[in-house]
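Student: Next comes the sequence, and after it the predicted model I'd like to discuss.
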Amino acid sequence: MTKIREAFVAVIALCVMVTIPKWAVAEEIVIRGFPLGVGENLDDQFLAPYYSQLAALAESLRIDPLAELVVRGSRDDSRYRNDHDAKNAGLSVGRADLVEKYLVQNFGADSNRISIETQLEKGHGDRYRYVSIRLVRRFGSLLARIDTLERQINSLGQQPLAERPQPARKPEVNDFVIEMTAGISTTPFGAVPTGTGAFVYRRWLYIQGILGHTWWDSRSNFSGRRLYTWHRLAGGMIIAYPSFSRPVGLAAGWLRHEDISQSYYRYVRMTEGPIFGARVSPFKRILVGLYYNPMKRVIGTDRAKISANQFLVSVSYQLIGSGK
């Protein structure tokens with residue numbers, strides 16, 4: 001594999017070298033003698049002596065895909081009436097822009113491959129008021145990057161396999177899964193075996209249904225009579241995990257708890273209301289819920305007698321699903 005990579009790098013380097021002309025040296029034309037205060041408007045005759053040189057640069061730009069033109073406008077520090085070149089940066093830009101437009105309009109040069117720079121010269125006279133046009137070929141940095149890449153590949157190939165850096169693996173997460181659990185939960189009237197089913201979106205959002213029912217008898221007093229009752233629980237919650245890496249989710253939903261008489265086949269006590277809390281997973285597939293149940297309806301018993309049971313705890317085991 002290392003030899004294949006080395007061959008690939010060598011082919012790239014060879015292709016680059018073949019496409020680079022032998023005259024791959026920066027060329028420059030300097031147009032001096034700009035009048036004082038002239039930034040944007042200038043007689044075309046001023047550039048006429050440089051016509052052939054400008055045409056050659058534009059042609060080089062056309063045939064060489066790696067070439068660019070850098071146009072630098074300069075100003076001197078001569079005083080010119082109230083203003084002077086040293087204080088007027090627009091003169092440098094205007095002079096460079098004038099030459100750039102001349103190249104585009106007269107020789108068809110690609111303006112996207114022409115960049116403009118400015119320069120302040122510490123000197124007096126027209127020789128310091130100039131525009132330089134340099135042809136630059138951007139292949140030197142490419143060859144340097146290829147050489148660096150080749151050294152890195154060779155160094156990596158000499159490392160033992162165990163020491164080679166491995167790409168970080170992102171956890172595989174399905175968009176939708178189904179979770180089912182079985183466990184036990186407290187209620188205002190006692191403990192209830194429960195089962196849950198949830199639609200899970202990317203292991204951070206759970207839409208969960210809850211059902212619970214006892215199979216043992218409990219005793220309850222109703223209208224002076226002692227009844228044998230079962231407990232039943234039903235409701236739903238939405239659980240969201242703010243952090244993917246931490247198994248702590250925030251829960252909110254609605255629960256209904258019923259104490260059902262075996263004689264009447266209907267509830268003799270009932271509570272119903274919202275539920276808020278958190279679900280944590282201290283161990284793999286073990287889920288613990290801690291909830292507060294501010295009851296909205298209480299039927300068949302005094303609310304004060306169950307106020308201490310508004311804090312609910314559930315423990316369940318994850319049967320199906322790859323959730324938290």
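Tutor: Structure's in. What do you need?
Student: Run through who's touching stretch 234-241.
Tutor: With contacts defined as Cβ atoms under 8 Å, 6 or more residues apart in numbering, stretch 234-241 is touched by 198, 203-212, 247-256, 275, 279, 324. Where you see a C-beta, it was placed from the backbone N, CA and C, and this is true even at glycine.
Student: I meant stretch 247-255, not that one.
Tutor: Outside stretch 247-255, the residues that reach it (Cβ under 8 Å, 6+ apart) are 206, 208, 210, 233-242, 272-282, 289, 291, 293, 312, 324.
Student: just checking, which of the residues you listed belong to helices?
Tutor: Among these, no member is found in helices (DSSP state H).
Student: Which members of those are positioned in strands?
Tutor: Of those, the ones assigned to strands by DSSP state E are 206, 208, 210, 233-240, 272-282, 289, 291, 312.
Student: Buried subset of those residues, written for PyMOL?
Tutor: In PyMOL syntax, the buried subset of these is picked out as below (16 or more other Cβ atoms under 10 Å):
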select buried, resi 206+208+210+233+234+235+237+239+272+273+274+275+277+279+281+289+291+312
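Student: okay, and for the stretch 151-300 of the chain, where does confidence drop off?
Tutor: When residues are selected by pLDDT under 70, those of the stretch 151-300 of the chain lie in 156-174, 220-224, 244.
Student: That one: strands as residue ranges?
Tutor: Along the stretch 151-300 of the chain, counting by DSSP state E, counting those that start in this stretch, strands occupy 176-187, 190-201, 205-213, 218-222, 225-240, 248-261, 266-283, 286-292, 297-299.
Student: what lines up beside the first one in the sheet?
Tutor: Which is strand 176-187. Sheet pairing for strand 176-187, assigned by DSSP bridges, gives strand 190-201 (antiparallel), strand 311-320 (antiparallel).
Student: Now residue 293: phi and psi?
Tutor: Per-residue torsions, residue 293: phi -120, psi 90 (degrees, to the nearest 10).
Student: what's the spacing between it and residue 215?
Tutor: Computed as Cβ to Cβ, to the nearest Å, the residue 293 to residue 215 distance reads 23 Å.
Student: Show me which of these two is the more surrounded one.
Tutor: Higher neighbour count among residue 293 and residue 215: residue 293, with 24 against 6, using other Cβ atoms under 10 Å.
Student: Enumerate every residue touching the more buried one.
Tutor: So residue 293 contacts 188, 255, 271, 273-275, 310-312 (Cβ under 8 Å, 6+ apart).
Student: ok, residue 177 touching residue 321?
Tutor: Yes: using Cβ atoms under 8 Å, residue 177 is in contact with residue 321, at 5.4 Å.
Student: joint contacts of those two?
Tutor: Common neighbours of residue 177 and residue 321 (Cβ under 8 Å, 6+ apart) are residue 200.
Student: Nearest to residue 58 among the strands of the stretch 151-300 of the chain would be which one?
Tutor: Proximity to residue 58, assessed across the strands of the stretch 151-300 of the chain by Cβ to Cβ, is greatest for strand 190-201 (59.0 Å).
Student: can you list contacts of that closest one?
Tutor: With Cβ under 8 Å, 6+ apart, strand 190-201 has contacts from 175-186, 206-215, 218, 231-233, 239, 257, 314, 316, 321, 323.
Student: again, but for stretch 207-219
Tutor: So stretch 207-219 is contacted by 179, 185, 187, 189-199, 226-239, 253, 255, 259, 262 (Cβ under 8 Å, 6+ apart).
Student: Report the backbone C-alpha coordinates of it in PDB.
Tutor: Extracted as PDB, the C-alpha positions of stretch 207-219 are listed here (Å, rounded to 0.1, in the frame of the first residue of the first chain):
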ATOM      1  CA  ILE A 207     -42.000   9.100  23.100                       C
ATOM      2  CA  GLN A 208     -43.100   6.500  25.600                       C
ATOM      3  CA  GLY A 209     -46.300   4.800  26.700                       C
ATOM      4  CA  ILE A 210     -46.600   3.300  30.200                       C
ATOM      5  CA  LEU A 211     -48.900   0.500  31.400                       C
ATOM      6  CA  GLY A 212     -48.900  -1.200  34.800                       C
ATOM      7  CA  HIS A 213     -51.100  -3.600  36.800                       C
ATOM      8  CA  THR A 214     -50.800  -5.700  39.900                       C
ATOM      9  CA  TRP A 215     -51.600  -9.400  40.200                       C
ATOM     10  CA  TRP A 216     -51.800  -9.400  44.000                       C
ATOM     11  CA  ASP A 217     -54.600  -8.200  46.300                       C
ATOM     12  CA  SER A 218     -54.400  -5.100  48.400                       C
ATOM     13  CA  ARG A 219     -56.800  -4.000  51.100                       C
END
